[in-house]
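Peer 1: Quick check, what structure comes out for this input:
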Amino acid sequence: MMDVAFAVEAGLFFLLLLAYLRNLMKSYKDMPERVAVHFDLSGDANGWCSPRAWAFFSVFFLVVIGSMSLLSMRVGGGSGAETNAVATCLLFGIFYSIFRQILKINAGKQDRLSPMELGVWAFGLPAFVVLLSIVMTHLHA
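Peer 2: Predicted coordinates for the structure are as follows:
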């Protein structure tokens with residue numbers, strides 16, 4: 001069962017990574033000299049970097065998070081391995097979504113983060129990850 005789960009997760013990871021790379025390449029030419037990468041609680045940008053630095057960081061970070069998930073499934077063993085894999089897979093999904101949002105904002109497709117998006121990114125998704133991790137831990141106990 002673990003091999004099927006590993007294959008599914010690895011396939012999803014690589015598909016999402018390819019989708020992000022495609023979006024990054026399409027958006028890269030439209031990015032400003034200073035890419036907004038961090039936003040305050042009102043949705044305004046308050047942290048910047050170069051497009052090149054953003055491209056490197058975002059891809060590197062997604063690869064590291066995805067690799068951690070796959071590695072925890074492969075070598076983790078025991079009942080906690082699935083929980084760790086689910087948590088890191090969700091973390092990958094969260095950062096994938098955030099990075100896509102940053103691409104949209106910097107490519108001029110959106111001016112700023114809306115209050116709803118801020119609430120989801122800042123509170124909703126982390127709370128969901130914690131809740132799911134707790135549930136998965138109890139299911140495997």
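
Peer 1: Report the separation between the nearest residue to Arg100 once chain neighbours are set aside and Val37.
Peer 2: With sequence-adjacent residues excluded and distances taken as Cβ to Cβ, 6 or more residues apart in numbering, Arg100 is closest to Asn23, at 6.1 Å. For every residue, glycine as well, the C-beta is placed using N, CA and C. Distance check for Asn23 against Val37: by Cβ to Cβ, to the nearest Å, it reads 15 Å.

Peer 1: Just want the most central residue of the protein.
Peer 2: Central residue of the chain (Cα atoms, centre = their mean): Phe95, 1.9 Å from the mean position.

Peer 1: My guess is that residue contacts Ile65. True?
Peer 2: Yes: with contact defined as Cβ atoms under 8 Å, Phe95 counts as touching Ile65 (6.1 Å).

Peer 1: so what's in contact with the two at the same time?
Peer 2: Counting by Cβ atoms under 8 Å, 6 or more residues apart in numbering, Phe95 and Ile65 have no contacts in common.

Peer 1: hang on, the earlier thing: between Asn23 and Val37, who's got more neighbours?
Peer 2: Relative neighbour count places Val37 above the other of Asn23 and Val37, with 19 against 16, counting by other Cβ atoms under 10 Å.

Peer 1: Could you list the residues in contact with the helix or strand the more buried one falls within?
Peer 2: Val37 belongs to strand 35-39 when assigned by DSSP states H and E. Residues outside strand 35-39 that contact it (Cβ under 8 Å, 6+ apart): 45-51, 53-54, 102, 105-106, 112-113, 118.
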